[in-house]
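Enquirer: this is a predicted model, with the sequence first.
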Protein chains: 2
Amino acid sequence: MNLELTPIQAVACCSPLAREPISEEVAEQVSIVLKALGDPVRLRLMSLVASHEGGEACVCDLNDAFDLSQPTISHHLKILHEAGLLEREKRGVWAYYRARTESLENLASVIGGTAR
Amino acid sequence: MNLELTPIQAVACCSPLAREPISEEVAEQVSIVLKALGDPVRLRLMSLVASHEGGEACVCDLNDAFDLSQPTISHHLKILHEAGLLEREKRGVWAYYRARTESLENLASVIGGTAR
DNA sequence: CGTCAATATTTACGCCTGTCTATGTCTTGT
DNA sequence: ACAAGACATAGACAGGCGTAAATATTGACG
């Protein structure tokens, strides 16, 4: 089991950008997540997984949604996973990815200031 | 006066990522804004401006906050401006940047799903 | 066991990006 | 009109990133 905090969890104390100047460290952490989402393909991947029934999607389905090679999709999924935005679970031959909605919400609250 | 929509305004109808798979076009637009924020320097710049008194900050102040050359800061400010995140106003010799909080909130609602 | 199918990893390559230096453009003050 | 200061633009370069082809890994199934 992995107990490490993902980048976005490490700053999850809902401090909006506009309240006070964020530190270099926080900026570094948050920008990792933003950079992960800052690609059209990864944004669509994230949306595909998050909106899929059951909140998870199989890689085989995701591959078909793009005109890209399988390794490229795998590469993008890895980046989203490392940013703490996707969870990965292997069942049999297939790999399923699940969206971490908390991460999305945390990110949104950091950006938008509508902290909960 | 500029009537063009900024990238984030074009998809401002608060559709969260998780509700349905976003289109290629929307992904392209939103990723521009995310990419703009997906850099530690620009994230700090955005936070500095947004949290500054009066909601605006002079470039001269911003330069001092970083160990980077003045043209580099200018470059980052331009990217944030083109993404619709900062407004620019020149008063005398000085240039002032103001945060577009609507853009931040729109982005947050697209990401977080906590649409208003 | 050996083959096949689903994913991941490695390697390589062209393009994009962050940075700096040098230069340009305005505005103000003399 | 000229000099100085604030900021933007242009050009150049190194490192990072998205992509594909080739290869490795893992699990299912005969």
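Expert: Thanks, I have the structure now. Numbers count the residues shown, from 1 in each chain, chains lettered A, B, ... in the order given.

Enquirer: can you name the residues of chain A that neighbour DNA strand C?
Expert: A:58-60, A:63, A:70-71, A:74-75, A:77-78, A:88, A:93-95 (C-beta under 7 Å from any atom of the strand). Just so you know, the C-beta spots here come from the backbone N, C-alpha and C atoms, and that holds for glycine as well.

Enquirer: what's the farthest-apart pair in these?
Expert: Farthest pair in the residues of chain A next to DNA strand C (C-beta to C-beta) is A:His75 and A:Val93. Separation: 19.7 Å.

Enquirer: higher neighbour count, these two?
Expert: Remark: of A:His75 and A:Val93, A:His75 carries more neighbours, 13 against 6, as counted by other C-beta atoms under 10 Å in any protein chain shown.

Enquirer: show me what contacts the more buried one?
Expert: Contact analysis of A:His75 by C-beta atoms under 8 Å, 6 or more residues apart in numbering or on different chains lists nothing.

Enquirer: and the average pLDDT for the host helix or strand of it is what?
Expert: Assessed by DSSP states H and E, A:His75 sits inside helix A:70-82. Summarised as a single mean, pLDDT over helix A:70-82 is 98.

Enquirer: CA atoms only: put that helix into CSV for me.
Expert: Listed next in CSV are the C-alpha coordinates belonging to helix A:70-82 (Å, rounded to 0.1, in the frame of the first residue of the first chain):
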residue,chain,number,x,y,z
GLN,A,70,-1.2,2.4,-27.7
PRO,A,71,2.2,3.3,-26.1
THR,A,72,1.3,7.0,-26.4
ILE,A,73,-2.0,6.5,-24.5
SER,A,74,-0.2,4.4,-21.9
HIS,A,75,2.3,7.2,-21.5
HIS,A,76,-0.4,9.8,-20.9
LEU,A,77,-2.2,7.6,-18.5
LYS,A,78,1.1,7.2,-16.6
ILE,A,79,1.5,11.0,-16.2
LEU,A,80,-2.1,11.4,-15.0
HIS,A,81,-1.5,8.5,-12.5
GLU,A,82,1.8,10.0,-11.2
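
Enquirer: for that helix, which positions count as buried?
Expert: Within helix A:70-82, the residues scored as buried using 16 or more other C-beta atoms under 10 Å in any protein chain shown are A:Ile73, A:His76, A:Leu77, A:Ile79, A:Leu80, A:His81.

Enquirer: quick one: low-confidence parts of chain A?
Expert: A:1-15, A:113-116 (pLDDT under 70).

Enquirer: OK, contacts around the residue most central in space within it?
Expert: Ranked by distance to the mean C-alpha position of chain A (C-alpha atoms, centre = their mean), the top residue is A:Leu85 at 2.1 Å. For A:Leu85, the contact set (C-beta under 8 Å, 6+ apart) comprises A:Ile8, A:Val33, A:Ala36, A:Leu37, A:Met46, A:Ala99, A:Arg100, A:Ser103, A:Leu104.

Enquirer: can you tell me how far the nearest residue to A:Arg42 once chain neighbours are set aside is from A:Ala99?
Expert: Once flanking residues are discounted, A:Arg42 sits nearest to A:His76: 4.9 Å by C-beta to C-beta, 6 or more residues apart in numbering or on different chains. Going from A:His76 to A:Ala99 by C-beta to C-beta, to the nearest Å gives 14 Å.
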